[in-house]
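A.B. asks: Turn this into a model:
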Amino acid sequence: MKRRKTYEDNFKARVALEAIKGERTISELASQYEVHPNQIIQWKKRLLENVADVFSKKQDPELEERERLVEELYKKIGQQNIELEFLKKKYKQLKNL
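C.D. replies: Numbers count the residues shown, from 1 in each chain. Purely as a prediction, here's the structure:
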């Protein structure tokens, strides 16, 4: 059984951009890059649908969650440092008694 050919994202983007430019026909691009014309049309359509995301200020939800977790952990580390300094100070006071 023959495996499907997979293409890297950079390759897809480059081919789709060339298709959008319109300097060459889809058929010419397909023969140049050895890709089926329907595949180029799909990549072009997908690129045009998602082009607004490039300029979107919204971040990936996973990235936002990671940033929130990092902020929480920094707060916790700060709190633990304060507690540690307090305990060191009290230990010295009790040691001197």
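A.B. asks: who are the neighbours in contact with the most centrally placed residue in the chain?
C.D. replies: Most central in the chain under CA atoms, centre = their mean is D60, positioned 7.1 Å from the mean C-alpha point. Contacts for D60 (CB atoms under 8 Å, 6 or more residues apart in numbering) come out as none. In this view, the C-beta of every residue, glycine as well, is placed from N, C-alpha and C.
A.B. asks: try 10 Å
C.D. replies: 53, 66 (CB atoms under 10 Å, 6 or more residues apart in numbering).
A.B. asks: let's number from 41 now, not from 1
C.D. replies: Taking 41 as the first residue, the last one we looked at is D100.
A.B. asks: Look up how far D49 lies from it.
C.D. replies: Separation of D100 from D49 (CB to CB, to the nearest Å): 16 Å.
A.B. asks: lowest average confidence, helix or strand, in the protein?
C.D. replies: None of the helices or strands of the chain scores lower by mean pLDDT, DSSP states H and E than helix 101-135, at a mean of 91.
A.B. asks: Look at the residue nearest to the centre of the chain and report its pLDDT.
C.D. replies: If you check D100, the pLDDT there is 72.
A.B. asks: Could you measure from it over to R106?
C.D. replies: In terms of CB to CB, D100 sits 9 Å off from R106.
A.B. asks: now do Q72
C.D. replies: Q72 is 40 Å from R106, by CB to CB.
A.B. asks: Distance of Q119 relative to F126?
C.D. replies: To F126, Q119 is 11 Å away according to CB to CB.
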